[in-house]
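Undergrad: Structure for this input, please:
(one chain, ligands or ions: 1)
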Amino acid sequence: MPYETPRDVQDLVVAGFGPSGIALAAAVEDHDDAAGGDPLAAHYLEKAPDSAWQPNLVLPGTDIQHHFLRDFATPRDPRSRFTFPNYLQQSGRFYPFTLMGGYVSRLEWSDYVQWAARQVRGPVSYDREVTCVEPVFGPDGRVDTVDVVSRDTRDGSVHRVRTRNLALATGHEAYVPDTFRPHLGERVFHASQLLPRLAALGERPLGSVAVIGAGQTAGEIVLHLAGRDPATQVHSVVRHAGFRMYELGHFSNEVYFPDETDYFYALEGEQRERALDQARATNYAAVDPDVSTALYQAVYQDGFTGTRRLHMHRRTEITGLDELPDGRIRLATEEVFTGSVGSIEADAVIVCTGYRESAFPKVLTPLAPWLRLDDRGRPQVTRAYRAETTDDCQVGVYLDGLTEWRHGIGSATSFSQMAAKADTIHRDLRTRLRRPVAA
Ligand SMILES: Cc1cc2nc3c(=O)[nH]c(=O)nc-3n(C[C@H](O)[C@H](O)[C@H](O)COP(=O)(O)OP(=O)(O)OC[C@H]3O[C@@H](n4cnc5c(N)ncnc54)[C@H](O)[C@@H]3O)c2cc1C
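TA: Numbering: from 1, shown residues only. Sure, this is the predicted structure:
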């Protein structure tokens with residue numbers, strides 16, 4: 001792999017080559033293809049060895065939560081080479097797919113994501129974790145470029161790429177509540193580590209596993225464990241009366257349309273928070289109808305056959321964890337209304353408490369003096385996802401998939417607006433580079 005010297009100034013560096021980064025690359029290259037001439041000088045950095053999508057959670061039998069036409073490109077340009085239909089056609093599965101009733105497994109979507117990553121011509125450096133972004137001063141004393149510093153995860157070597165524009169597409173961070181954090185390790189882990197941790201626990205059957213949380217991931221993991229070994233006792237712990245279903249109303253799901261992002265962006269701070277709260281039920285802390293049905297049937301069968309190994313702890317909060325001498329974990333529980341206490345013992349505890357958006361991306365710390373922040377220390381961002389800078393900084397810094405608080409539920413991590421978000425960023429970027437995209 002060639003070593004990038006900071007003398008080669010890129011037009012764009014993208015940190016994170018998961019879905020948001022790939023969607024942006026697709027917008028850049030589709031435009032390069034159509035416009036001809038010099039392509040944009042873009043470089044993509046990804047800390048993982050490849051662009052596998054949620055690799056630790058691709059469970060057999062799980063499916064995607066969005067329509068497959070909400071792919072990397074179709075909403076922006078259905079003629080793009082990055083579309084899901086093109087992927088199907090290229091992989092020889094177009095006709096069989098049409099008999100599947102629109103069902104797309106997470107396994108197949110992950111394959112599509114990796115296929116799309118391979119279509120990108122621009123240099124992609126894998127195994128490169130971006131650690132910080134440093135300002136570089138021009139002759140007039142203003143910040144006119146930045147050095148994106150990355151560490152090779154294989155040998156620890158440090159690399160720099162200099163650029164006029166940067167897009168941070170590093171995704172959300174796994175969230176672990178304080179109760180669990182001190183115990184994280186081999187037996188207590190966040191769901192984002194599921195498959196490697198289960199593999200590390202070995203092939204021997206687990207006597208008992210506790211799954212904490214009531215979202216789609218928690219539901220899928222309960223089903224996975226129930227099917228994995230008939231001897232495992234599965235404890236599902238939820239704070240509500242039980243697993244709830246997503247808000248599936250057609251009208252309420254229009255919050256994923258791009259013009260809803262315009263609406264949301266125009267709201268004032270407190271109004272935005274209320275609007276986001278309203279929209280949460282369409283995506284968070286709930287399961288889809290398939291998983292709800294499968295869970296209920298599994299629990300019903302469990303009771304009917306008298307097996308009694310699926311334990312649904314409803315309205316239950318975990319108040320503490322103890323590591324027992326034999327390595328097992330004892331969870332202290334409390335009923336959320338009556339306050340009655342109890343305990344659960346488990347060989348492993350899987351914490352399915354979701355992901356969080358960081359208020360201020362750590363890698364931007366050296367650049368902080370040149371970024372305009374709001375009263376909560378978050379970067380102020382334009383509708384085009386660009387962080388606002390002081391007058392003495394000319395660098396374009398895009399927060400791609402990191403601004404749910406500002407752009408709303410549809411334009412943060414969901415695939416629904418992956419292509420539209422990339423289009424918005426790409427147009428803004430070309431305008432800054434004085435090579436605007438025709439309307
Ligand atoms: C299990 C699961 C299932 C989901 N299913 C759906 C679904 O069906 N439909 C839907 O719309 N959404 C779904 N989501 C939401 C999900 O967030 C999006 O699908 C999508 O993955 C978001 O893409 P992203 O690129 O913004 O973030 P991510 O997918 O998190 O990708 C970020 C990338 O940046 C890399 N990275 C992170 N830090 C650095 C760094 N410092 N340097 C370099 N690289 C870095 C990561 O390795 C990763 O490749 C799901 C989420 C989960 C957890």
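Undergrad: Contacts only, for Leu367.
TA: 133-135, 143, 146, 393, 395, 397 (Cβ atoms under 8 Å, 6 or more residues apart in numbering). Heads up, the C-betas are built off the backbone N, CA and C, glycines and all.
Undergrad: now, among those, which is nearest to Asp374?
TA: Nearest to Asp374 among these is Val397, at 15.2 Å by Cβ to Cβ.
Undergrad: So which of the contacts of Leu367 are in strands?
TA: Of these, the ones assigned to strands by DSSP state E are 133-135, 143, 146, 397.
Undergrad: Make CSV out of those and add neighbour count.
TA: Output for the ones in strands among the contacts of Leu367, formatted as CSV (neighbours: other Cβ atoms under 10 Å):
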residue, neighbour count
Val133, 22
Glu134, 17
Pro135, 18
Val143, 19
Val146, 27
Val397, 23
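Undergrad: care to break the protein down by domain?
TA: Split into domains by automatic domain parsing, the chain comes to 9-172+357-432, 174-245+284-355.
Undergrad: Residues of the protein that sit close to the ligand?
TA: Selection of the chain residues close to the ligand by Cβ under 6 Å from any ligand atom yields 15-21, 45-48, 53-54, 57, 64-66, 129-130, 169-171, 217, 401, 413-416.
Undergrad: ok, which stretches of the stretch 51-200 of the chain are strands?
TA: 124-125, 128-137, 143-152, 158-163, 165-168, 173-174, 188-190 (DSSP state E, counting those that start in this stretch).
Undergrad: For the first one, name the packing helices and strands.
TA: Right, strand 124-125. strand 42-45 (3 or more Cβ pairs under 8 Å, 6 or more residues apart in numbering; DSSP states H and E).
Undergrad: How about the fourth one?
TA: Other elements packing on strand 158-163 under the criterion 3+ Cβ pairs under 8 Å, 6+ apart are strand 9-10, strand 12-15, strand 42-45, strand 128-137, strand 143-152.
Undergrad: so of these, which one's packed in deepest?
TA: Between the helices and strands packed on strand 158-163, strand 12-15 has the highest mean count of neighbours, a mean of 27, where neighbours are mean count of other Cβ atoms under 10 Å.
Undergrad: Distance from that strand to the middle of the chain?
TA: 18 Å (Cα atoms, centre = their mean, to the nearest Å).
Undergrad: cool, and stretch 256-267?
TA: 20 Å.
Undergrad: got a list of contacts for it?
TA: 66, 70, 75, 254, 272, 275-276, 282, 383, 406-411, 414, 416-417, 420.
Undergrad: where's Asp322, which helix or strand?
TA: Taking DSSP states H and E as the definition, one finds Asp322 inside strand 316-323.
Undergrad: What residues of the helix or strand following that strand count as buried?
TA: Per DSSP H and E, strand 316-323 leads on to strand 329-335 as the next helix or strand towards the C-terminus. By 16 or more other Cβ atoms under 10 Å, the buried positions in strand 329-335 come out as 329, 331, 333-334.
Undergrad: swap in stretch 226-233?
TA: Buried-residue list, stretch 226-233, by 16+ other Cβ under 10 Å: 226, 228, 232-233.
Undergrad: repeat for stretch 82-90
TA: 82-88.
Undergrad: what about the chain, any weak spots by pLDDT?
TA: Low-confidence segments of the chain (pLDDT under 70): 1-7, 203-204.
Undergrad: now the helices: where do they sit in it?
TA: Per DSSP state H, the chain carries helices over the ranges 19-35, 84-90, 94-98, 106-119, 194-200, 216-228, 258-266, 269-279, 289-305, 404-407, 418-432.
Undergrad: Ok, which of those helices comes nearest Glu345?
TA: With Cβ to Cβ as the yardstick, what comes closest out of the helices of the chain is helix 216-228 (15.8 Å).
Undergrad: Pull the residues that contact the closest one.
TA: In contact with helix 216-228 (Cβ under 8 Å, 6+ apart) are residues 57, 59-62, 65, 191, 194, 206, 209, 211-212, 232, 234, 236, 238, 243, 246, 286-288, 291-292, 294-295, 298, 309-310, 350, 352, 354.
Undergrad: Please tell me how far stretch 290-297 is from the chain's geometric centre.
TA: Distance, centroid of stretch 290-297 to centroid of chain: 25 Å (Cα atoms, centre = their mean).
Undergrad: could the contacts of Leu367 go into TSV alongside distance to Ala117?
TA: TSV is the format used below for those (distance: Cβ to Cβ, whole Å):
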residue	distance to Ala117
Val133	23
Glu134	27
Pro135	30
Val143	31
Val146	24
Cys393	31
Val395	26
Val397	23
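Undergrad: Pick the one among these closest to Ala199.
TA: Val133 (34.8 Å).
Undergrad: for the closest one, what are its contacts?
TA: 15, 146-149, 166, 363-364, 366-367, 397.
Undergrad: What is the nearest of those residues to the ligand?
TA: Ala15 (5.0 Å; Cβ to the nearest ligand atom).
Undergrad: any idea how far whichever residue of the stretch 201-350 of the chain sits closest to the ligand lies from Gly339?
TA: Residue nearest to the ligand within the stretch 201-350 of the chain (Cβ to the nearest ligand atom): Thr217, separated by 5.3 Å. Counting by Cβ to Cβ, to the nearest Å, the gap from Thr217 to Gly339 is 28 Å.
Undergrad: Neighbour count for these two, which is higher?
TA: Thr217 (25 against 8; other Cβ atoms under 10 Å).
Undergrad: I'd like the helices of the chain as JSON lines, with distance to Arg162 appended.
TA: Output for these, formatted as JSON lines (distance: least, Cβ to Cβ, whole Å):
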{"stretch": "helix 19-35", "distance to Arg162": "18"}
{"stretch": "helix 84-90", "distance to Arg162": "34"}
{"stretch": "helix 94-98", "distance to Arg162": "43"}
{"stretch": "helix 106-119", "distance to Arg162": "24"}
{"stretch": "helix 194-200", "distance to Arg162": "35"}
{"stretch": "helix 216-228", "distance to Arg162": "39"}
{"stretch": "helix 258-266", "distance to Arg162": "31"}
{"stretch": "helix 269-279", "distance to Arg162": "35"}
{"stretch": "helix 289-305", "distance to Arg162": "47"}
{"stretch": "helix 404-407", "distance to Arg162": "28"}
{"stretch": "helix 418-432", "distance to Arg162": "16"}
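Undergrad: Would you tell me which of these gets closest to Asp155?
TA: So among these, helix 194-200 is nearest, using Cβ to Cβ, at 21.5 Å.
Undergrad: what does the closest one contact?
TA: 55-59, 186, 189, 221, 348, 350.
Undergrad: coming back round to it: can I get the buried part of the residues of the chain next to the ligand as one PyMOL selection?
TA: To isolate the buried members of the residues of the chain next to the ligand in PyMOL, using 16+ other Cβ under 10 Å:
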select buried, resi 15+16+17+18+19+20+21+45+46+47+53+54+57+64+129+130+169+170+171+217+401+413+414+415+416
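Undergrad: What are the neighbouring residues in contact with the residue most central in space within the chain?
TA: Centroid-nearest residue in the chain, with Cα atoms, centre = their mean: Gly171, separated by 4.7 Å. Gly171 sits next to 16, 18, 20, 355, 401-402, 413 when contact means Cβ under 8 Å, 6+ apart.
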